[in-house]
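In: After the sequence you'll find the predicted model.
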Amino acid sequence: EKLQQLFIELTLKQEQEEYAREGIAWEPVHFFDNKIICDMVEEKHKGIVAILDEECLRPGEVSDDTFLERMDHNFAKHKHYHSFRAVGNKDRRAHTRNTFQISHYAGDVVYTVEGFLDKNNDLLFRDMKEVVNKSTNPVAAALFPLEELQSLKRPLTAATQFKTSMNALIDILMRKSPWYVRCIKPNALKKPVVFDPDLVRHQIKYLNLMENLRVRRAGFAYRRPHDEFLQRYKCLCPQTWPHPRTAAPEAVRTLLLHLRVPANEFRIGHTKVFIRTPATLFDIEARFQQQKHRVVAKIQAHVRGRQQRAEFLKMKAAVVMIAKHWRRVAAQRRLQKLKQAYLELKLACVRWIRRRQRAYRVIENLVRGYKLRRQPRSPDNATFLNLARYHWLVSLPSYLPPTILDHTWCPPPPPALQQPSALLQKMHKRLQVRKYLRSLAPDRKAQLALKLAASQMFKDKKQSYPSSIGQPFISSRVAPPLDQHRAYPSFNKMLTKLKDTAGLKYTTPVVKYDRSSGKPRERLLVLTPTALYFLRSDNLALIFRLDLMHLKGLSVSALSDTTVVLHTDQTEKKDKGDFVLNVPQPIEFITLLSATTQNRLAVAVTDSITCTRRSGRPVPLSFAVGTDLVERKKGVQHIAAPAAAVPDHYTRHLQAVAARTRAMQQPVAPKSAPRSAAARPPPSAAAAASRPGADAGAG
């Protein structure tokens with residue numbers, strides 16, 4: 001309270017001093033003055049400290065209750081004081097008999113009077129002070145000076161000492177010019193990027209920052225020296241651009257009047273200009289940002305004009321110098337080109353003659369090879385066979401499958417190219433797979449990995465698997481999410497205590513069946529990297545924690561039911577045996593659990609499951625197709641599951657696979673694609689290249 005009062009006084013004092021220096025009239029500022037609270041605490045003969053000291057010194061039976069009665073009598077009508085006796089009958093429920101409440105500037109505080117008198121006396125016996133004063137340690141001896149021991153006055157109480165020390169601190173601060181640094185903690189966890197709005201609002205309230213800001217901004221929000229203001233905004237007025245024609249204060253006034261700023265929105269001081277509201281400053285700044293581009297463009301135009309003028313003069317001199325040498329160089333180049341053309345023409349004639357001779361020999365070899373194409377490979381037909389293989393490889397891109405799901409391939413190759421054809425088909429398929437995987441987003445890739453794991457565990461084994469293909473796996477089946485539950489902080493605190501803070505992997509509501517009676521109980525199942533938590537749905541109270549290291553495996557039936565059996569090693573004290581659960585999405589739950597345990601658990605899909613209790617007694621589970629039913633008769637738990645219908649998308653997928661299989665068994669026609677001139681065979685070999693069967697036998 002004292003420091004708050006000091007802060008308000010110093011803030012107002014600084015404002016008044018600055019206004020006085022600049023010759024501006026002071027305008028009164030309305031704020032909450034907490035002097036009434038300070039007087040209630042430290043006023044002589046009437047304040048709380050005076051009453052407390054008087055009770056400590058008063059003879060007779062005194063106690064904390066008599067101290068509270070004195071305060072109730074003195075402050076019964078004080079609007080900042082409340083207690084059980086001072087308030088009316090309607091408000092007594094909010095107070096107890098041994099407490100009182102003071103409405104401070106930042107909020108209400110309740111004090112308990114128990115031990116007030118004992119803590120206020122806090123006397124140290126004189127003989128102990130003498131012992132410390134005679135110590136050889138100078139610091140210890142200085143704590144209790146000899147003048148204090150020789151004084152016959154009664155020692156001051158703790159409250160009086162604190163009040164005296166506080167008043168001395170206030171006197172020191174009043175003679176100085178203190179600056180305040182307000183530190184606000186964004187959260188209580190000491191973590192980055194975590195902002196707790198309630199905690200920040202609480203600190204702002206008890207530091208009284210809003211009141212301080214209102215006092216500070218009650219006057220003029222913006223103040224700057226005349227020179228700085230003109231240096232930035234002088235381009236907005238023709239009378240001040242580029243250089244002001246009058247003194248700085250008059251130039252500032254001329255600028256503001258040109259901008260049509262209302263007279264009550266600014267004041268011109270001796271050295272500074274004052275602007276009242278931020279909106280006015282923002283308007284001036286917006287005009288400056290618009291004018292800045294025009295001023296910069298004008299300056300750039302002049303600078304670029306001078307630069308281009310200098311460049312033009314240089315270029316003109318260079319053109320004159322180049323022109324007188326160009327005719328000589330051009331004549332020399334023409335002579336050199338004529339000599340070079342003569343040599344190239346002579347060389348082209350020689351090459352043309354040699355090319356005709358080589359073409360004759362090639363055509364002769366191709367004709368001979370075509371006649372001998374069905375005989376074993378020999379030097380006579382090797383050229384033709386190589387050409388046929390070349391054309392098969394060139395036409396191969398026309399037969400490549402366009403998508404990764406298309407398993408067709410080119411027509412049968414020549415016998416010598418059957419093994420390369422198989423290798424090329426395998427390499428092309430790997431390339432398509434690699435491109436497809438690189439195009440996947442990380443979330444999509446992780447989802448497909450989970451779907452692949454589910455396919456390996458449940459495809460053609462469990463009837464409900466086709467219906468789970470089209471549904472993406474999600475980490476929470478609870479609405480609203482678990483972190484929005486009112487009891488989530490206590491649950492998170494429990495996870496922190498158990499050092500299980502790696503995050504939640506899966507959350508879903510389940511139905512747990514009792515091992516003895518088979519009675520269903522609704523629970524909330526939470527999966528973390530280390531354990532399974534069974535919680536109550538209403539308050540997230542922990543029912544049981546199952547460590548994943550004690551989980552041996554899981555069992556589900558082959559039908560479309562949602563029953564999942566968790567097999568444990570029964571080594572924990574509270575473990576009563578295997579768990580029988582009814583999970584809404586069993587395939588999703590088992591896949592995420594298997595991924596969390598790194599595929600350590602064995603997942604069994606069988607028609608009959610046997611649960612083991614802690615006593616070793618087995619409990620068989622029987623499954624049948626029918627309406628939903630879970631009952632227990634003669635030690636056997638019967639579970640009826642509805643018949644699962646195959647989804648339409650899964651049926652279409654099977655039909656597409658069958659169609660692709662039939663297409664692979666039929667010959668494939670090449671795609672229509674234009675061939676370049678470089679890939680077109682010579683005229684003599686065109687007939688052989690267009691008949692793949694002709695060179696197949698030869699190969």
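Out: Alright, I've got the coordinates. Model, not experiment: these values are computed from the prediction.

In: rest of the way, CA atoms for contacts and neighbours
Out: OK.

In: Tell me which helix or strand comes right after the strand or helix carrying residue 320.
Out: Assigned by DSSP states H and E, residue 320 falls within helix 278-371. For helix 278-371, the succeeding helix or strand toward the C-terminus, using DSSP H and E, is helix 382-395.

In: any idea which helix or strand comes after that following helix?
Out: Following helix 382-395 in sequence order, the next helix or strand is helix 418-439 (DSSP H and E).

In: got any ranges where the stretch 1-150 of the chain has weak pLDDT?
Out: 26-32, 88-91, 94, 122-123 (pLDDT under 70).

In: Report the distance from stretch 171-182 to the chain centre.
Out: 41 Å (Cα atoms, centre = their mean, to the nearest Å).

In: Tell me which residues are up against that stretch.
Out: Residues from elsewhere that reach stretch 171-182 (Cα atoms under 8 Å, 6 or more residues apart in numbering): 6, 10, 207.

In: Enumerate every residue touching residue 306.
Out: Taking Cα under 8 Å, 6+ apart as the definition, residue 306 has no contacts.

In: Next one: it from residue 254, what distance?
Out: Distance from residue 306 to residue 254, counting by Cα to Cα, to the nearest Å: 34 Å.

In: How about residue 228?
Out: 15 Å.

In: Of these two, which one has the most company?
Out: residue 254 (18 against 12; other Cα atoms under 10 Å).

In: Show the contacting residues for that one.
Out: residue 239.

In: tell me the secondary structure for it?
Out: Secondary structure state of residue 254, per DSSP: H, G, I helix; E, B strand; the rest coil, is helix.

In: same question for stretch 490-510, mean pLDDT?
Out: For stretch 490-510, the mean pLDDT works out to 88.

In: ok so residue 478 is a helix residue?
Out: No - under three-state DSSP, residue 478 sits outside any helix and is assigned coil.

In: Enumerate every residue touching it.
Out: 507-509.

In: Next, count neighbours for residue 602.
Out: Residue 602, neighbours per other Cα under 10 Å, totals 14.

In: can you tell me the helix or strand for residue 101?
Out: strand 99-103.

In: Residue 185 contacts residue 198, doesn't it?
Out: No - if you go by Cα atoms under 8 Å, residue 185 and residue 198 don't touch, sitting 11.2 Å apart.

In: ok so, going back, out of the contacts of stretch 171-182, which one sits closest to residue 615?
Out: residue 207 (63.1 Å; Cα to Cα).

In: what about the residue nearest to the closest one when sequence neighbours are not counted, neighbour count?
Out: Excluding its sequence neighbours, the residue lying closest to residue 207 (Cα to Cα, 6 or more residues apart in numbering) is residue 106, at 7.3 Å. A count of nearby residues for residue 106, using other Cα under 10 Å, gives 16.

In: residue nearest the centroid of the chain?
Out: Residue closest to the mean C-alpha point of the chain, counted by Cα atoms, centre = their mean, is residue 193 at 8.7 Å.

In: Buried residues of stretch 559-577, list them for me.
Out: 559-568, 570, 575-577 (16 or more other Cα atoms under 10 Å).

In: Give me the distance between the two termini of that stretch.
Out: For stretch 559-577, the first and last residues are 24 Å from each other (Cα to Cα).

In: List the contacts of that stretch.
Out: 462-464, 515, 544, 550-557, 578-586, 607, 611-614, 623-625, 640-644.

In: repeat for stretch 531-546
Out: Residues outside stretch 531-546 that contact it (Cα under 8 Å, 6+ apart): 486-488, 491, 509, 522-527, 547-548, 574.

In: Of the residues you listed, which belong to strands?
Out: 509, 522-527, 547 (DSSP state E).

In: out of those, which are buried?
Out: 509, 522-527.
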